[in-house]
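# next input, structure requested:
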Amino acid sequence: MTNYTGSKCICCGNRFTDDDDIVVCPDCGTPYHRSCYEENGKCINDILHDKNVSWLPDAPAEEIPVTSASNVKRCIRCGAENDPGQRYCEQCGTPLINMDAPRPFNGDAEDGHETGSDPMKTNIPGINMTPVMLTQDSDIDGVKLGDLARYVGPNPLGFLPSFIKFGKTGRKLSMNIFAFLFPPLYFMYRKMKGWGLAAAVVMALLNLPVMIETFSSGSYEITIKFGIDVKSRNFQLLEQLAMYVRMTLDIMAGFFANYLYYKQARRDIFKIYRESEDEDRDAINERIMSTGGTSYGYMLLSFMIYTIFSIGSLLLVAKVL
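Numbering: from 1, shown residues only. Below you'll find the model as predicted:
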């Protein structure tokens, strides 16, 4: 009987434990949490069905501990130190491999002649590692790395390291300075329409106290009477609260925008996989690129919504008060 403990449920992404209630697809053998399977109503691992192959366990294999003075695995990409049991760097998601076993060209050749040193080999005493070379077909949490690059479109190298970290380590934090500066424009530029529209409306509301004070003071040629004492302590507290909330949301957008984009990319690509069973690979690639990518039109729409909602809210407050 197959042991599913440690393998990952393709619906929720959580790994199975000994106590989980697990059901298995009778056709391909893919395991699910019972609640996940009942939620979808069928097996969603269409790739295995198309290829007429069976599911294989993906639980992390037991690794030989790295022997070193510090008993750590050092990432060859960012230099971060990781616990010996880690398969991927906790900081950047780069795969870590135990390379203590002798390999061709890492020492003396079979004919007894000394070969050149491996340029990819680390010089850290006691640690002998080399990076795993990823390809377009490398699996990142059920999605091909090449498809993620096609979905991103412009600047894929700016996103793929974060995507690999999200898929391999389960971490959700990374920094996106553009999302931090103005979330509505960035979300809409990356076709994250739901987040973009919500951010535009929320940011317009949070900016309303500042606009009320600005137009009440006559800083512009147009002065609007709101019937509010903008110098009062209560209004000043409201303005400060709105500013702090907006700063908090900006920071959260900067740290979580890449993860939200990764989740949307996986969701859209999985949908294309399911709907493109009879299409060739070129057609699937075209659909992925057209679904993802960027849009200046959506970005302009976000700015218009933000402006219209800001002015509309300002006029509504002036009329009511």
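# the nearest residue to Ile177 once chain neighbours are set aside and Met247, how far apart?
Counting by CB to CB, 6 or more residues apart in numbering, Ile177 lies nearest to Gly254, which is 6.7 Å off, once chain neighbours are set aside. Every residue, glycine included, has its C-beta placed from N, CA and C. According to CB to CB, to the nearest Å, Gly254 and Met247 sit 11 Å apart.
# give me the pLDDT for the residue nearest to Ile177.
Here the pLDDT value assigned to Gly254 is 94.
# sorry, back to before: who has more neighbours, Gly254 and Met247?
Remark: of Gly254 and Met247, Gly254 carries more neighbours, 20 against 11, as counted by other CB atoms under 10 Å.
# so the more buried one makes contact with Leu173?
No - the criterion here is CB atoms under 8 Å, and Gly254 misses it with Leu173 at 9.9 Å.
# OK, contacts around the residue nearest the centre of the chain?
The residue lying closest to the centre of the chain (CA atoms, centre = their mean) is Tyr259, at 2.6 Å. By CB atoms under 8 Å, 6 or more residues apart in numbering, Tyr259 lies in contact with 162, 166, 172-174.
# narrow those residues to just the buried residues.
Neighbour-count burial (16 or more other CB atoms under 10 Å) is assigned, among these, to 162, 166, 174.
# and which of the residues you listed is nearest Phe270?
Closest approach between those and Phe270, by CB to CB: Phe166, at 15.1 Å.
# any idea how far that closest one lies from Pro156?
In terms of CB to CB, Phe166 sits 15 Å off from Pro156.
# please enumerate the helices of the stretch 201-321 of the chain.
Along the stretch 201-321 of the chain, counting by DSSP state H, counting those that start in this stretch, helices occupy 208-216, 233-275, 281-291, 296-320.
# give the other helices and strands that the third one contacts.
Packing partners of helix 281-291 (3 or more CB pairs under 8 Å, 6 or more residues apart in numbering; DSSP states H and E): helix 145-152, helix 233-275.
# quick revisit: list just the nearest of the contacts of Tyr259 to Arg233.
Nearest to Arg233 among the contacts of Tyr259, with distances taken as CB to CB, is Leu173, at 37.3 Å.
# list the contacts for the closest residue to the closest one other than its chain neighbours?
Spatially, and ignoring its direct neighbours in sequence, Leu173 is nearest to Phe255 (5.2 Å; CB to CB, 6+ apart). By CB under 8 Å, 6+ apart, the contact list for Phe255 reads 173-176.
# repeat the analysis, applying 10 Å as the threshold.
Phe255 makes contact with 172-176, 179-180, according to CB atoms under 10 Å, 6 or more residues apart in numbering.
# export the residues you listed to CSV and tack on pLDDT?
Output for those, formatted as CSV (pLDDT from 0 to 100):
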residue, pLDDT
Lys172, 91
Leu173, 92
Ser174, 93
Met175, 93
Asn176, 93
Ala179, 93
Phe180, 93
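# is it possible to get a markdown table of the residues you listed that adds secondary structure and distance to Asn207?
Shown next, in a markdown table, are these (DSSP: H, G, I helix; E, B strand; the rest coil; distance: CB to CB, whole Å):
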| residue | secondary structure | distance to Asn207 |
| --- | --- | --- |
| Lys172 | coil | 28 |
| Leu173 | coil | 27 |
| Ser174 | coil | 27 |
| Met175 | coil | 24 |
| Asn176 | coil | 21 |
| Ala179 | helix | 18 |
| Phe180 | helix | 16 |
